[in-house]
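# just coords:
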């Protein structure tokens, strides 16, 4: 079924629920690490770590400027790009296949994604991967523009 992922045999989960679980587990790990740092090195060191390393990254997350490679394994750049362009420009990105690979040729598919704000290309061994890489590259460009403001 679309939007569902099969996990360990019979169980199916929505991508959103699975991503929430991954994020929750990552948060638990960070909390444990900060606690261990406070116990081993002291509260001042732990506080300094949080202020120097975590707070700036959390601000990027809150501002929506965090790039795809930092979002974790369940991040979907196609959905993220669509969400951003709908929010900012009231439009949906348009994808165009620029090159279809022939079966067993070793070539990659190439897709182009276009929005009001950006045009980017991506390639991959199949259409899905090429579209995903095009969206990821577009988000990278949008992220770079956001940081220069």
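Thanks, I have the structure now. Just so it is clear, the structure is predicted and the values come from calculations on it, not from any experiment.

# only C-alpha atoms for contact and neighbour calcs from this point on.
Will do.

# before we move on, which element is residue 49 in?
Assessed by DSSP states H and E, residue 49 sits inside helix 43-49.

# And that helix, what does it pack against?
Counting contacts by 3 or more Cα pairs under 8 Å, 6 or more residues apart in numbering; DSSP states H and E, helix 43-49 packs against helix 15-41.

# what is the rounded mean pLDDT of the helix it packs on?
When pLDDT is averaged over helix 15-41, the result is 82.

# Could you do stretch 136-149 as well?
For stretch 136-149, mean pLDDT rounds to 69.

# how near is the residue nearest to residue 45 when sequence neighbours are not counted to residue 119?
Spatially, and ignoring its direct neighbours in sequence, residue 45 is nearest to residue 38 (6.8 Å; Cα to Cα, 6 or more residues apart in numbering). In this view, residue 38 and residue 119 are 46 Å apart by Cα to Cα, to the nearest Å.

# again with residue 84
Going from residue 84 to residue 119 by Cα to Cα gives 14 Å.

# One more: residue 131?
For residue 131 relative to residue 119 (Cα to Cα), the value is 12 Å.

# secondary structure class for residue 113?
Recorded secondary structure, residue 113: strand (DSSP: H, G, I helix; E, B strand; the rest coil).

# just residue 120 next, same as before
Once three-state DSSP is applied, residue 120 turns out strand.

# So it sits against residue 134, correct?
Yes: if you go by Cα atoms under 8 Å, residue 120 and residue 134 touch, sitting 5.7 Å apart.

# what is in contact with these two at once?
Common neighbours of residue 120 and residue 134, counting by Cα atoms under 8 Å, 6 or more residues apart in numbering, are 112, 113.

# So for these two, which sits in the more crowded spot?
Higher neighbour count among residue 120 and residue 134: residue 134, with 26 against 19, using other Cα atoms under 10 Å.

# Verify the stated contact: that one with residue 109.
No: applying Cα under 8 Å as the test, residue 134 and residue 109 come out as separate, 10.8 Å apart.
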